[in-house]
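[1] No sequence on hand, only this structure:
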């Protein structure tokens, strides 16, 4: 047997394993796409390159065009609105307020009309509140009492002790008697003969000797006349308010009034005379707050011995005379305290005399300088405006200090308004609003107040939603 040649089957051809460099080709291609550069691609057509940069640039250009709203017809959807909150156009009342400086306090101190005479023996503490029937001060250890009323004390009050003149009857002589009667305070006289001696005379049978002269005298226990006047009624009204009775509150000071006065004097530790001296009381329209004393204990009292103010705190504003048109009696204002709290006030009075500002003397002098100084004085002139506050508790414990007073300068009612932040400046000029669909509408602005602005225009309506740019 011949040797058979065994032929080994030829191995199937296999593709050579890629080298490390070839294995990394696909990864480089991916990186090239991400970086926008051309990279060779492995496999068939390895020599071809993919230009990615052009595609990236094209996408970016389309995005810019879309953002700017360029290109496309009218049917293209509007670009989405930019980020920011949206608000509605509302109809409301806009009020512009102006604030000026004021000073809180009890007002100017006014001297009490003290008419008592003597030595001051007691004074109240400053800031003390005195009510009806209370002691204002003591003079010669007698109280000077506060009563309420508008009339000042101008005379002593009491029963009028002067009775009308009463004629004394004149006795007549017996016919034929020559003896005259010594007249009281007069001289004797006899008809038809002359008298002799001190009040006696001799006459004929037909004469009458009358030695009486007619005189006037106040008989003991004569009736008194009541004192009349509006001041009497004012005093009796106070006496009744203090709890005393037994008289009628009218314009007559009667015996009943005098009896009540004696009881009142007894409660004060005074002699019970039933009469009220001109310096015993002082009238005021209400409670008073004691100011400062102009005298010391032991000094002689005078009319300006003691000052007072009202008990209610108020605000005084030195308003510019050129800008005081807002200051009208009854005008409502808002008072802002130093701690930020607010209280409602009302203009009670406005001064009629303007006062130059603190720098009024700066421009004084002759010639041109003097004229310029006068002009600046007019610009700095102020008038006092007094503001009362009904709710005193809203002021807390603050008795004095600087405060702010705000008043309504301008007001627009029932107008369309948006927050000021919603306004945008238009390229063609003026202002506009951006709606939620990205379009702009032109508006005209009016009053600015409290962070809002009045707007108007053909495309502006109540309820329109607009964007507030961030």
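    Done, it's in. Nothing here was measured: the structure is a model prediction, and the numbers come from that model.

[2] Could I get the buried residue list for the longest strand along the chain?
    For the chain, the longest strand by residue count, based on DSSP state E, is strand 401-419. Using 16 or more other CB atoms under 10 Å as the burial criterion, the residues of strand 401-419 that qualify are 403-405, 407, 415-418. In this view, the C-beta of every residue, glycine as well, is placed from N, C-alpha and C.

[3] now do stretch 431-442
    Of the residues in stretch 431-442, 431-435, 441 count as buried by neighbour count, 16+ other CB under 10 Å.

[4] do stretch 350-358 as well
    Burial within stretch 350-358, assessed by neighbour count using 16+ other CB under 10 Å, is assigned to 350-351, 354, 356-357.

[5] can you list the residues you listed in TSV and add distance to residue 458, pLDDT and secondary structure?
    Conversion of the buried residues of stretch 350-358 to TSV gives the following (distance: CB to CB, whole Å; pLDDT from 0 to 100; DSSP: H, G, I helix; E, B strand; the rest coil):
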residue	distance to residue 458	pLDDT	secondary structure
350	45	94	strand
351	50	91	coil
354	49	87	coil
356	52	79	coil
357	49	63	coil
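
[6] Nearest to residue 144 among the residues you listed?
    residue 351 (31.5 Å; CB to CB).

[7] surely the closest one meets residue 383?
    Yes - between residue 351 and residue 383 a contact is recorded at 4.5 Å, counting by CB atoms under 8 Å.

[8] Residues in contact with both of these two, list them for me.
    Residues touching both residue 351 and residue 383 (CB atoms under 8 Å, 6 or more residues apart in numbering): there are none.

[9] what residue ranges in the chain score low on pLDDT?
    Screening the chain residue by residue with the criterion pLDDT under 70, one finds the ranges 1-83, 161-224, 357-377.

[10] Run through the helices of the stretch 101-250 of the chain in chain order.
    Using DSSP state H, counting those that start in this stretch, the helices of the stretch 101-250 of the chain run over residues 230-241.

[11] circling back to that earlier point, reformat the buried residues of strand 401-419 as JSON lines; add distance to residue 424.
    Conversion of the buried residues of strand 401-419 to JSON lines gives the following (distance: CB to CB, whole Å):
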{"residue": "403", "distance to residue 424": "39"}
{"residue": "404", "distance to residue 424": "34"}
{"residue": "405", "distance to residue 424": "36"}
{"residue": "407", "distance to residue 424": "33"}
{"residue": "415", "distance to residue 424": "20"}
{"residue": "416", "distance to residue 424": "17"}
{"residue": "417", "distance to residue 424": "16"}
{"residue": "418", "distance to residue 424": "11"}
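
[12] Surely residue 310 touches residue 106?
    Yes - counting by CB under 8 Å, residue 106 is a contact partner of residue 310 at 6.2 Å.

[13] Mutual contacts of these two, please.
    Between them, residue 310 and residue 106 share the contacting residues residue 289, judged by CB under 8 Å, 6+ apart.

[14] And residue 452, how far from residue 277?
    Distance of residue 452 to residue 277, given as CB to CB, to the nearest Å: 67 Å.

[15] Ok, residue 379 next?
    53 Å.
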